[in-house]
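>>> using only what follows, build the 3D model:
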Amino acid sequence: MSSPDPAIRDIVRDAQWLAHRYDPGHGAVHMRFVPRARHGDIPFLTDEYLGATDAPLVLRLSDAMEQVPPRAPIHFLFHSAYCCSTLLAGAMDIPGVAMGLKEPVLLNDLIGWRHRGAKGPEVARVLDASLHLLARPFAPGEAVVVKPSNVINPLIPAIMSLRPDARALLLHAPLEPYLASIARKGMWGRLWVRDLFQKLAREGMIAPLGIAPSDYLGLTDIQVAAVGWLAQQHQFHTLCDQLGARVATLDSETLVARPTESLAALARLFGLQLDDARVRAIASGPVFARDAKNGAAFTPGQRAEAAQRGLEAHADEIAKVVHWATVMADNAGIALHLPRSLIA
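Presented below is the predicted three-dimensional model:
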């Protein structure tokens with residue numbers, strides 16, 4: 001048996017080397033060097049924000065797994081988009097306690113691979129390895145909190161099964177603010193919800209709503225957004241039933257209105273050692289005072305004002321779609337409010 005390559009060992013044991021992409025054709029993982037401070041500067045761990053590189057460091061997944069250190073505790077922020085999940089993941093950068101990873105593309109690659117025909121057992125094997133690579137602590141004693149993209153939500157049952165000690169927050173925006181967020185983003189928001197709709201339909205998540213595929217093209221953009229919201233709401237209800245105390249739910253309006261209580265309760269859910277003073281410092285600190293996507297400073301009330309403008313600009317369309325979606329939810333037996341609230 002050959003001795004381990006010290007270069008590979010040092011890379012794999014250093015959490016600054018992010019497990020970034022998976023190449024199924026070569027059974028390889030692409031690593032990018034991302035220091036902790038860099039995580040705080042960018043909203044997502046995507047090439048768009050990480051910047052150009054001559055070439056990633058490519059390792060055979062089997063070689064990486066031979067050198068991977070014992071994993072840290074890992075927990076998850078699953079979400080249905082446009083609900084302050086990036087902000088909350090940023091708040092999990094707490095040296096000595098936890099580190100938040102914002103939408104690692106490695107997990108997205110596994111969804112894409114599955115859609116291209118990868119078999120379930122093989123996807124599960126690589127998913128397990130990927131979770132191990134993501135759960136490398138930046139400092140001794142730290143937990144890792146992963147906020148995946150919501151396109152990987154169909155993998156949540158597998159993820160939670162593979163990591164029985166993990167806890168998860170199911171974060172969402174209420175229906176009306178969610179639709180207003182999509183509407184005010186214009187064409188790009190509307191294209192995004194259509195892309196999400198296609199992915200959810202491929203996973204069978206639209207079927208419970210009883211919409212015939214022949215009717216899909218008759219839906220407006222905001223109806224498409226509402227269908228995606230309902231599909232994810234249905235999934236989150238199911239996860240609450242299946243996982244019980246391992247999950248809690250939180251909506252974005254409550255998080256923004258009660259950040260200190262939300263953070264304290266999340267720390268308890270994840271088993272993080274945070275005293276009241278540190279929770280208050282995070283809630284009143286820079287993470288909650290700036291836009292998580294672009295870093296711009298927020299003035300008091302700015303979030304609420306932006307949301308209200310979105311509602312006012314598209315009030316008629318949103319009101320009609322909210323009514324339509326409520327009827328759809330009633331017919332499908334989907335409650336608009338989730339159980340297992342993180343805070344009372």
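
>>> what's the nearest residue to Lys293 once chain neighbours are set aside sitting at in phi/psi?
For Lys293, the nearest residue in space outside its immediate sequence neighbours is Pro43; the separation is 4.8 Å by Cβ to Cβ, 6 or more residues apart in numbering. For the C-beta atoms, the positions are set from N, CA and C on the backbone; glycine is no exception. Here is the backbone geometry of Pro43 (degrees, to the nearest 10): phi -80, psi -30.

>>> pLDDT weak spots in the stretch 1-150 of the chain?
Counting by pLDDT under 70, the ranges of the stretch 1-150 of the chain that qualify are 1-6, 54.

>>> tell me where it has strands.
Under the criterion DSSP state E, counting those that start in this stretch, strands of the stretch 1-150 of the chain are mapped to 17-23, 28-33, 57-60, 74-79, 98-102, 143-147.

>>> give me the sheet partners of the second one and which way each runs.
Looking back up the chat, that one is strand 28-33. In its sheet, strand 28-33 lies beside strand 17-23 (antiparallel), strand 57-60 (antiparallel), with partners assigned from DSSP bridges.

>>> tell me what the helix or strand hosting Gln198 is packed against?
Taking DSSP states H and E as the definition, Gln198 sits inside helix 186-202. In terms of contact count using 3 or more Cβ pairs under 8 Å, 6 or more residues apart in numbering; DSSP states H and E, helix 186-202 is assigned the packing partners helix 105-115, helix 175-184, helix 221-243.

>>> residues in contact with stretch 207-224?
Applying Cβ atoms under 8 Å, 6 or more residues apart in numbering, the contact partners of stretch 207-224 are 179, 182-183, 190, 193-194, 197, 201, 227, 230-231, 234, 314, 317-318, 321, 324-325, 328, 331-332, 334.

>>> that older thread, okay, the strands paired with strand 28-33 in CSV with mean neighbour count and distance to Leu255 next?
Shown next, in CSV, are the strands paired with strand 28-33 (neighbours: other Cβ atoms under 10 Å; distance: least, Cβ to Cβ, whole Å):
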stretch, mean neighbour count, distance to Leu255
strand 17-23, 22, 26
strand 57-60, 16, 36
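
>>> looking at those, which is closest to Leu101?
Taking Cβ to Cβ as the criterion, strand 17-23 is the member of the strands paired with strand 28-33 that comes nearest to Leu101, at 8.0 Å.

>>> chain center to the closest one: distance?
The chain centre lies 17 Å from the centre of strand 17-23; the measure is Cα atoms, centre = their mean, to the nearest Å.

>>> and stretch 115-129, by the same measure?
Per Cα atoms, centre = their mean, the displacement of stretch 115-129 from the mean C-alpha position of its chain is 19 Å.

>>> report the buried residues of it.
Applying a neighbour-count criterion of 16 or more other Cβ atoms under 10 Å, the buried positions in stretch 115-129 are Val123, Val126, Leu127, Asp128, Ala129.

>>> ok, those vs Leu18, which is closest?
Minimum distance to Leu18 across these is 14.7 Å, recorded for Ala129 (Cβ to Cβ).

>>> low-confidence stretches in the stretch 151-300 of the chain?
Residues of the stretch 151-300 of the chain that meet the cut-off, pLDDT under 70, sit at 295, 298-300.

>>> burial of Val247, as a residue count?
Burial of Val247 is recorded as 25 neighbouring residues (other Cβ atoms under 10 Å).

>>> quick check, it in contact with Ile159.
No. Here Val247 does not reach Ile159: they are 11.8 Å apart, not a contact under Cβ atoms under 8 Å.

>>> contact partners for Met160?
Met160 is in contact with Phe76, Ala166, Ala168, Leu239, Leu243, Arg246, counting by Cβ under 8 Å, 6+ apart.

>>> farthest pair within those residues?
Distances among the contacts of Met160 were taken as Cβ to Cβ; the most separated pair is Ala166 and Leu239, at 12.5 Å.

>>> Leu169: which element?
strand 168-172.

>>> so which elements touch that strand?
Under the contact definition 3+ Cβ pairs under 8 Å, 6+ apart, strand 168-172 sits against strand 74-79, helix 85-91, helix 221-243, strand 247-251, helix 252-257.

>>> which one of these lies nearest to Asp275?
Between these, helix 85-91 lies closest to Asp275; by Cβ to Cβ that is 15.5 Å.

>>> just checking, what packs against that closest one?
Helices and strands touching helix 85-91, as assessed by 3+ Cβ pairs under 8 Å, 6+ apart, comprise strand 74-79, strand 98-102, strand 143-147, strand 168-172, helix 259-270.

>>> can you redo those as TSV with distance to Leu87?
Formatted as TSV, the entries for these read as follows, by distance: least, Cβ to Cβ, whole Å:
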stretch	distance to Leu87
strand 74-79	10
strand 98-102	10
strand 143-147	10
strand 168-172	10
helix 259-270	9
